[in-house]
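# how would this look folded up:
(chains A and B)
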Amino acid sequence: MKRMLMLGLTLVMVASLLAACGGGNNSQSSPANQADGKQKKVSIALWTLSGSGWEWVVEAVEQFQNENPDIEVVHSSYAVDPMKENLKVAASSKTMPDIWFTWGGSLGSFYPENGLALDLSEIAEEHNYAEVYNKAALDMSTFNGKLYGIPMRLNALSMWYTKEAYEATNLQPPATFAEFEEQLEILKNAGYIPLAFGSKGGWHTMRLAELLIEHYGGPELHDQLLSLSASWDNEAVIQTFAKLKEYTDKEYFPKGYVSLDPEEAQNLMYQKKAAIINEGTWFDSSIITSGFDVNDFGVFKFPTEQSPVRPSVFAEMLQISADASPEKQAAAIKLGEYLTSVEVINQFVDVYGSPATLNVNTSEANPHMKEILDSASDGAFQIMDQALPQQLIQKWFEAQDRVALGDWTPQQAAQEMDKAVQEYVSKNSQ
Amino acid sequence: MFTKVKPWLYLLPALIIYLTVICFPSLYSLYLSFFEWNGVAPDRKFVGLDNYVYLFTKDTVFPTALSNNLQWMLGSLVLMMGLGLALALMLNKRLKGRTWFRGIFYFPYVLSGIVVAMVWTWMYNPTQGFFNKVLELVGLESWTQAWLAEPKFALYAVFLAALWQGVGQPLVLFIAGLSSIPDDPYEAAFIDGASKFQSFYYITLPLLRETFVIVVATTMIGAMKVYDIVYAMTGGGPAESTQVLSSLMYYQTFRYANIGIGSAISWVLVLIVMIVLIPYVYYTTKRSHV
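Here you go, the predicted structure:
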């Protein structure tokens, strides 16, 4: 009897374990779906960035849920690099959220290329996106002729400087590249860190490097390099690496910048220890949310001495899961359109950044945004870490570091970069 | 009949979990290591051993990561285990505040690796960090460094942070081992005129053999799978100089979507641990008096 009881208990345990391992669709057991027994509540998962400039999303989501009691939003937020990686983890484990933030170019195209993002072309036509969103933002959210994201922000980058450093050294924003370099020396001699860049992760210093490529190579060659249709082993790339090395040796960057977090570089600007940084249209709101005064900072176009003077730009969007149920997709689209609506943007205009939505108010708290966006009106290039495939951009980051540390000469770095590009092209053309 | 089956029934729940959560995914990753695949696309290309060949012949970062792991393992076995044993010997004595000290030394081990990384990254900050400020205060300004930015220091700087955090684990295990050794052999040795070192060498070390098996195994495995502290402190930089196999595996798999190469790295990791650990555990347990 005792044995039978133990056997029975064991079988129950095994059965319950197997049931637990079964998994599958849990939509029936979700408390959200049982709301009040009358109305079915749709629960959707939203992933956005976290940190300064993204606090408003929490409040906006709360409002959305109040206005749409039949939709529950489970919001998760991540820092920049973890966001990129978590999306890839979710993609390969088939656990994508229903709606997620991503960037344009090679970062965002991975999901439509692999059938994970919903084609929004029809929705865009029905909801007249052409009248709602900026055309450039729509173009940057389009892959292979189809719209795969609700455009959220269209960012342009610029050189930012601390007025205190420029006033203390009687400088005006530089008009030529030679003037820019003279200023770096003057600022250094005045005790400022001329260039606040942090190379941990690679992408921050890359922003200066791509401007140097634009300066030395010009728009045409720069675009060809980004589309992998020109050799990276060329004079413009070599000069860019040589200049990075020169700036490193002259100590224009913060000490140990190759392992410095970009946020630590920003802190040097806030503390007025550094003079120049490359940030984007979001930086006004970053300054505000960090508790500093935006009027202490100014912006200038990097003097590439090319025509037109192009800044780098990138788009941010919300993609919808192609695998979600139609109800969830509809709810996610509703949420995406809500978060990019004129009403929500106007409500959070001081901290929203540069919206991709048309006809929104401009914020007096963001005095530099319009100037930066206007700087892209004559032309712009896509930021390098979105224009290049991820393997290649990692090679670029490695090359930047190796040149700075003296492991590679600028020529070697250009050759290594070109070798990586050729390998990538030959592998992907097979 | 039922008596024979009963132990297996008790084992079954854990066995099912083990097979489902550990064995199947491990074997599946071995299978994936023979393919070129981005983890999502419906088609996978079978490439045989190409991913392994690529790692050992073409990948420029893999040799650095492998070497870093081996250095980390050596450092852990010598320093982390040595320090853990030394602290355990001290804290096993009947001294005042012993429990308090044990808590203090064990405390970093309960912290998350990311928290430890943040604290130490700030301490290493080249301009405002603790280490450089102290060096400046004592007049050793020329010794100040960008600790995490110099490839020749970066890995060791990260290892020091890991050592501070990780020493609590061998410490606790050694204290447990020391507590189980009776006083009699020491008393006998004392009467026979043995020195303190002789007592340690001929009594303590042999009687800690089982503890050493556990500590060496866990330290070695921990060293080979080190990831979070490297990721948070340097991200594998500068110039990939602090990459370890786990971080490289993670980047290959989830940043560049090279599932095959990422899986191959994970199996290289497994093989290295097995090659070192299995003979060690086999040899030591064979010699064990238990």
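# Quick one: mean pLDDT for the top helix by length along chain A?
Ordering each helix of chain A by length in residues (DSSP state H) puts helix A:203-226 first. Helix A:203-226 comes out with an average pLDDT of 97.
# Show me which positions of it end up buried.
A:203-219, A:221-223, A:225-226 (16 or more other Cβ atoms under 10 Å in any protein chain shown). From N, CA and C alone the C-beta is placed, and that goes for glycine too.
# OK, now which residue of chain B is nearest to chain A?
B:Ala146 (2.5 Å; Cβ to the nearest Cβ).
# tell me the SS of that residue?
For B:Ala146, the assignment made with DSSP: H, G, I helix; E, B strand; the rest coil gives coil.
# so what secondary structure elements neighbour the helix or strand harbouring A:Leu87?
In this structure, A:Leu87 sits in helix A:80-92 according to DSSP states H and E. Where contact means 3 or more Cβ pairs under 8 Å, 6 or more residues apart in numbering or on different chains; DSSP states H and E, helix A:80-92 is packed against strand A:42-49, strand A:99-103, helix A:105-113.
# Show me what counts as buried in that helix.
For helix A:80-92, a neighbour-count test (16+ other Cβ under 10 Å) marks A:83-88, A:90-92 as buried.
# Looking at that helix now, give me its mean pLDDT.
89.
# Any regions of the chain where pLDDT drops low?
Since no chain was named, I'll use chain A. Chain A contains residues with pLDDT under 70 at A:1-39, A:430.
# if you could check chain B rather than the one you did, that'd help
Those would be B:1, B:287-290, if you go by pLDDT under 70 across chain B.
# can you give me the strands in it?
Using DSSP state E, the strands found in chain B span residues B:35-36, B:45-46.
# Tell me if I'm right that A:Ser141 and A:Trp103 touch.
No. The pair A:Ser141 / A:Trp103 is not scored as a contact, 9.9 Å apart, by Cβ atoms under 8 Å.
# Need the residues touching each of those two.
A:315, A:317 (Cβ atoms under 8 Å, 6 or more residues apart in numbering or on different chains).
# So for those two, which sits in the more crowded spot?
A:Ser141 (30 against 25; other Cβ atoms under 10 Å in any protein chain shown).
# Phi and psi next, for that one.
Backbone torsions of A:Ser141, given as degrees, to the nearest 10, read phi -100, psi 10.
# Once you drop chain neighbours, what's closest to it?
Distances taken as Cβ to Cβ, 6 or more residues apart in numbering or on different chains put A:Gly149 closest to A:Ser141, at 3.8 Å, once the chain neighbours are dropped.
# Give me the nearest residue to residue 218, chain neighbours excluded.
In the absence of a named chain, this looks at chain A. Nearest to A:Gly218 is A:Gln306, by Cβ to Cβ, 6+ apart, at 5.3 Å.
# oops, I was thinking of chain B
Nearest non-adjacent residue to B:Thr218, counting by Cβ to Cβ, 6+ apart: B:Gln169, 6.8 Å away.
# Show the contacting residues for that neighbour.
B:84, B:109, B:215, B:218-219, B:222.
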